[in-house]
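**Q** My questions concern the predicted model and sequence given below.
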Amino acid sequence: MSNAPLLEVRGLNAWYGESHVLHGVDLDIREGETVTLLGRNGAGKTTTLRAIMGILRHREGVIRLRGKDLLSLPLHKVAQAGIGYVPEERGIFASLSVSENLMLPPTVSDGGMSVEEIYTLFPNLHERRSSQGTKLSGGEQQMLAIARVLRTGAKIILLDEPTEGLAPVIVQRIGDVLVALKKRGMTILLVEQNFRFAKKVADRFYLMEDGRMVNSFPGHELDARMDELHEVLGV
Amino acid sequence: MSTIFGIPTPALYGQILIGLINGSFYAMLSLGLAVIFGLLRVINFAHGAQYMLGAFAAYLLLNWLGINYWLALVLAPLVVGAVAVVIERTMLSRLYGVDHLYGLLLTFGLALILEGAFRYWFGAAGQPYAAPSQLTGAVNLGFMFMPIYRGWVVIASLVVCIGTWLLIEKTRLGAYLRAATENATLVQAFGVNVPLLLTLTYGLGAALAALAGVLAAPIYQVSPLMGSNLIIIVFAVVVVGGMGSILGAIVTGYVLGVLEGLTKVFYPEASSIVIFVVMAIVLLVRPAGLFGREE
Ligand SMILES: Nc1ncnc2c1ncn2[C@@H]1O[C@H](COP(=O)(O)OP(=O)(O)OP(=O)(O)O)[C@@H](O)[C@H]1O
Ligand SMILES: [Mg+2]
């Protein structure tokens, strides 16, 4: 494994219309790493993911995947470069069945999970494969949103608050899934407010405040930094 | 002679058949409009002109190049679809970021230009286009004589409508289309080339209109204004069915065609307005249309 980061973000600025939201964000993720982005509501975590994906188009700076520039690509080429996106609002399509939702994202490279593997990992989805996507429970929809990008062969997935609003058992299930993905060598950029959950999977943390990266530290330092974090996160 | 409510049955069946024929065209045209509106959010005012172009393409292919009806059925939609693709790439796609009204104005302007140009070249009068020899004559159905060509149109339109519906509901391409109708940005963020999907959808919608135009050529005459006469009714059909609803457009097309035919039998004075009366009632009771989803 080379030392160059798989995903490299340098001096990223982003705007919603006139409002300047990201101010020079730096971020590195090496292959196989799970990195968690912390920050209070409105800090710019979702915006960072949307800017990396190219959903938010008004950006400046550097975004590279394996050294390849992503900033100049049209939106659909970013996923094709090997990134899978699980949005905060989940984005399950009402006019598609569960299995159609699962099959929707085109394959971007070899080595994705097979449909059988995915259904083994998420038995509920198999049971409900012909239901309308939005008829699933919140937890099932979240699992579908994650399952959907595992099929494509994406090398890195961006997960935006996958545990938000879910019951503890479901959070536990999603935690198990992330651990399993890590074992398979998946690279994960996770946005999470629940850092007891994040602690189980994260190799490294980034701390965001007002559209800036204010700190970064390895996973094992989380406990020692609790007081500091409580202050910044206001929890 | 047998009668129903004092109406001779052959007259009744005859009007139902005419209603079904008209309904076939309403269904095919409103289907294309609904597909285009669903994904592009453009009310395609050029749809009637694209239908007219289809009929003229068949007429010109025959008279200039000697190409027969069956080939025209394939070539005319391809030609008109290709023109639509160019229109979408060069003009319509520039308007997606602005108010939907601009798309409507652009397509309305294009319709006026196309219809004006064809009126200038060919005059306002209709040109006859003969049905192919295989489909001339009539069959005795026992209760009435049916011109074979009209039966063919009803069957062909059903095949086209069901085929399009299957394409949208049962295929992967259709899943892209349905998903992009809900959230185009997310579908593109998954790696689907949504701009290409929009172009193809506009081309497909226009090709459907052109196919309807070829089917119509032997029944109605080929004239520059054949589309603008029809398109107003088709818009009413789309509104009744529910903007963007594929199944709604198809079912409503046939039902309103037959309803119009029946009105001609029972209360002829109302036959030209019955569809608009239905539209007004539906708009009052269910503004999203019979098959539409409330937003
Ligand atoms: N569509 C938008 N238009 C304008 N401003 C926006 C938009 N979305 C977010 N913002 C603003 O950008 C800033 C960052 O928002 P963002 O959604 O990235 O925060 P976040 O860290 O994901 O918060 P949360 O934890 O609540 O999800 C906030 O000030 C927010 O108000
Ligand atoms: Mg967020």
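**A** That came through, no problem. Numbers count the residues shown, from 1 in each chain, chains lettered A, B, ... in the order given. Ligands and ions are numbered 1, 2, ... in the order given.
**Q** Please report the distance of A:Val171 from A:Leu136.
**A** 17 Å (CB to CB, to the nearest Å). Yep, even glycine has a C-beta here, placed from its N, CA and C like the rest.
**Q** Where does A:Leu37 sit: helix, strand or coil?
**A** Under DSSP: H, G, I helix; E, B strand; the rest coil, the three-state class of A:Leu37 is strand.
**Q** list the helices and strands the helix or strand that contains B:Leu17 packs on?
**A** B:Leu17 belongs to helix B:9-40 when elements are defined using DSSP states H and E. If you count contacts as 3 or more CB pairs under 8 Å, 6 or more residues apart in numbering or on different chains; DSSP states H and E, helix B:9-40 packs onto helix B:47-65, helix B:148-170, helix B:172-189, helix B:194-216, helix B:226-241, helix B:246-266.
**Q** Any chance of those in JSON lines with mean pLDDT as columns?
**A** Below are the helices and strands packed on helix B:9-40 laid out as JSON lines (pLDDT from 0 to 100):
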{"stretch": "helix B:47-65", "mean pLDDT": "96"}
{"stretch": "helix B:148-170", "mean pLDDT": "94"}
{"stretch": "helix B:172-189", "mean pLDDT": "95"}
{"stretch": "helix B:194-216", "mean pLDDT": "97"}
{"stretch": "helix B:226-241", "mean pLDDT": "92"}
{"stretch": "helix B:246-266", "mean pLDDT": "92"}
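**Q** Go through those helices and name the closest to chain A.
**A** Closest to chain A of the helices and strands packed on helix B:9-40, according to CB to the nearest CB: helix B:172-189, at 4.3 Å.
**Q** how about that closest one, does it reach ligand 1?
**A** No. Helix B:172-189 is not in contact with ligand 1 by CB under 6 Å from any ligand atom; minimum separation 11.7 Å.
**Q** and ligand 2, which of the helices and strands packed on helix B:9-40 is closest to it?
**A** Closest approach to ligand 2 among these (CB to the ion): helix B:172-189, 15.3 Å.
**Q** relative orientation of the closest one and helix B:9-40 in degrees?
**A** 30 degrees (axes from the mean of the first three to the mean of the last three CA atoms, to 10 degrees).
**Q** now helix B:172-189 against helix B:246-266, angle please.
**A** Here helix B:172-189 runs at an angle of 130 degrees relative to helix B:246-266 (the same axes, to 10 degrees).
**Q** got the angle for helix B:172-189 vs helix B:194-216?
**A** 150 degrees.
**Q** give the contact list for B:Leu62.
**A** B:Leu62 sits next to B:68-69, B:72, B:129 when contact means CB atoms under 8 Å, 6 or more residues apart in numbering or on different chains.
**Q** Mark which of those residues are buried, thanks.
**A** The neighbour-count test (16 or more other CB atoms under 10 Å in any protein chain shown) marks B:69, B:72, B:129 as buried among the contacts of B:Leu62.
**Q** okay, these in a markdown table with pLDDT next?
**A** As requested, those are exported to a markdown table (pLDDT from 0 to 100):
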| residue | pLDDT |
| --- | --- |
| B:Tyr69 | 95 |
| B:Ala72 | 95 |
| B:Tyr129 | 91 |
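**Q** Which of the residues you listed fall within strands?
**A** Taking DSSP state E, every one of the buried ones among the contacts of B:Leu62 sits outside strands.
**Q** Of the residues you listed, just say which sits nearest to A:Ser216.
**A** When those are compared for distance to A:Ser216 (CB to CB), B:Ala72 wins out at 67.2 Å.
**Q** wait, the closest one sits on B:Ala58?
**A** Yes. If you go by CB atoms under 8 Å, B:Ala72 and B:Ala58 touch, sitting 3.9 Å apart.
**Q** what is in contact with those two at once?
**A** Common neighbours of B:Ala72 and B:Ala58 (CB under 8 Å, 6+ apart) are B:Val214.
**Q** about what we covered before: the helix holding B:Leu17: how far from the chain's middle?
**A** On the basis of CA atoms, centre = their mean, to the nearest Å, helix B:9-40 sits 8 Å off its chain's mean C-alpha point.
**Q** how far away is B:Val35 from ligand 2?
**A** According to CB to the ion, to the nearest Å, B:Val35 and ligand 2 sit 34 Å apart.
**Q** tell me the contacts of that residue?
**A** Here B:Val35 is in contact with B:164, B:168, B:177, B:201, B:204-205, B:208, B:246 (criterion: CB under 8 Å, 6+ apart).
**Q** mind running it again at 6 Å?
**A** B:Gly205 (CB atoms under 6 Å, 6 or more residues apart in numbering or on different chains).
**Q** ok, so what distance separates it from chain A?
**A** 13 Å (CB to the nearest CB, to the nearest Å).
**Q** contacting residues around the longest helix seen in chain A?
**A** Determined from DSSP state H, the single longest helix within chain A is helix A:168-183. For helix A:168-183, the surrounding residues in contact (CB under 6 Å, 6+ apart) are A:34, A:139, A:162-163, A:197, A:200-201.
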